[in-house]
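> Structure for the following, please:
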Amino acid sequence: MRLAVYLVPLILPALGALLARPLSERLHPRAAAWALTLSALVLAGGSWVVLGVFALAGLARIPLVAALGHWSARVVQQGDPASLTEAVAAGALLTAAVVAAVRMVWRRLRALVAAGLDAACMPGSDQLAVVEDPAPDAFALPGLPGRIVVSTGMLDALESDEQEVLLAHERSHLRAHHYAFVAAAQLAATANPLLRPIATAVTYTIERWADEYAAMVCGDRRRVARTVGKAALATKHTPARGRLPLAALGLLGRRDPLRTAGPVPRRVAALLASPLRVPLLPLVGVAAILTASMLCAFDAAHDLHSLIEVAEAG
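Predicted coordinates for the structure are as follows:
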């Protein structure tokens, strides 16, 4: 078995983390959200496969396991470049990652159900729910159907044309299912902590995506930038009281996305600049990294299978 095959899927998540912010700044937000979320899932999966191969190869060299499997532990030990200590460490890391990922999925599912119930109980019969609250607040709440929740305090803080921007921004979160992007990226980051910068970048790009959608609907990028800034100032000193489960699912990231789910100055600057296109070269680079991770993970699993076959013959 070749050690390089092991190392590539374990190193690539660190490379992806370094590239996450540049990609989030230079790609169109929609393309960046898709590319980064897919990257997080593929890179996490590749690292899991390699850790699993490490652990299984170490397990296969134990004489009792080899006897039960009818293969030679000596042949496995000679063909496996990793030591038993490294295999045990890989097994421990994989176990911790699986436990953390399962707990995260369980929490998110519970939050999603609770959010759906909250959405159904919100006042009003259409998508918009206005709540009596002097504290400025606005967020998208996924459900069947999803709801846009806006406080009276937020409506009072914005002019009528800015309220249109706010609603378009939150409507984009529901239409494009942005909570799913963030949840997937957070799951990948839970499975592999090296991917946390990618999860952070995904949270930023979905806010930029919603900003761009609002700019397209309203036809005025400066008005959207002004609204983002005003909402940020209005909520600057408002404490997050956590009215919703896990801060509005823990899926959109935070309960007041116009203020905190993505650095406001970067978003405002992007809105005041020319709209970004979708350059081909960065996407080709992302595709190359993901392909390398998948091929190496597959090769590692194939090498282990071949080693066990040789050990059975030996």
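> Can you name the next helix or strand after the helix or strand bottoming out on mean pLDDT in the chain?
Every helix and strand in the chain was compared by mean pLDDT, DSSP states H and E; the lowest is helix 73-79, with a mean of 76. Under the assignment DSSP states H and E, the closest C-terminal helix or strand after helix 73-79 is helix 84-121.
> Which elements pack onto the helix or strand following that next one?
Using DSSP H and E, the helix or strand that follows helix 84-121 in sequence is strand 128-131. With contacts defined as 3 or more Cβ pairs under 8 Å, 6 or more residues apart in numbering; DSSP states H and E, the packing partners of strand 128-131 are strand 147-151, helix 152-157. (C-beta placed from N, C-alpha, C; glycine too.)
> next one: strand 128-131 to chain centre, how far?
Distance of strand 128-131 from its chain centroid, counting by Cα atoms, centre = their mean, to the nearest Å, is 28 Å.
> So what are the sheet partners of that strand and their directions?
Here strand 128-131 is paired, per DSSP bridges, with strand 147-151 (parallel).
> ok, back up a step: would you mind finding the most buried of the helices and strands packed on strand 128-131?
Compared across the helices and strands packed on strand 128-131, strand 147-151 shows the largest average neighbour count, a mean of 24 (mean count of other Cβ atoms under 10 Å).
> what's that one in contact with?
Outside of strand 147-151, the residues within contact range by Cβ atoms under 8 Å, 6 or more residues apart in numbering are 119, 122, 127-141, 166-167, 170-171, 174.
> can you rerun that using 6 Å?
The contact list for strand 147-151 (Cβ atoms under 6 Å, 6 or more residues apart in numbering) reads 119, 122, 127-131, 133, 137-141, 170.
> Sort out which one of those residues lies nearest Pro275 for me.
Set against Pro275, the nearest of the contacts of strand 147-151 by Cβ to Cβ is Glu170 (20.7 Å).
> Verify the stated contact: the closest one with Asp137.
No. Using Cβ atoms under 6 Å, Glu170 is not in contact with Asp137; the gap is 11.2 Å.
> Now find how far off-centre the least confident helix or strand of the chain is within its chain.
Counting by Cα atoms, centre = their mean, helix 73-79 is centred 39 Å from the centre of its parent chain.
> Number the residues from 294 up from this point.
Will do, 294 is the new start, and the previous item becomes helix 366-372.
> Report the buried residues of that helix.
Within helix 366-372, the residues that count as buried by 16 or more other Cβ atoms under 10 Å are Ala366, Val368, Val369, Gln370, Gly372.
> Turn these into JSON lines, columns for distance to Arg396.
Listed next are those as JSON lines, based on distance: Cβ to Cβ, whole Å:
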{"residue": "Ala366", "distance to Arg396": "35"}
{"residue": "Val368", "distance to Arg396": "38"}
{"residue": "Val369", "distance to Arg396": "33"}
{"residue": "Gln370", "distance to Arg396": "35"}
{"residue": "Gly372", "distance to Arg396": "36"}
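> Excluding covalently adjacent residues, which one is nearest to Gly409?
Closest residue in space to Gly409, ignoring its immediate chain neighbours: Gly436 at 4.0 Å, by Cβ to Cβ, 6 or more residues apart in numbering.
> how far away is the one you found from Glu463?
Here Gly436 is placed at a distance of 13 Å from Glu463 (Cβ to Cβ, to the nearest Å).
> so where does the nearest residue to Arg514 once chain neighbours are set aside fall, helix or strand?
Leaving out its chain neighbours, the residue that sits closest to Arg514 by Cβ to Cβ, 6+ apart is Ala508, at 4.5 Å. Assigned by DSSP H and E, Ala508 belongs to helix 489-511.
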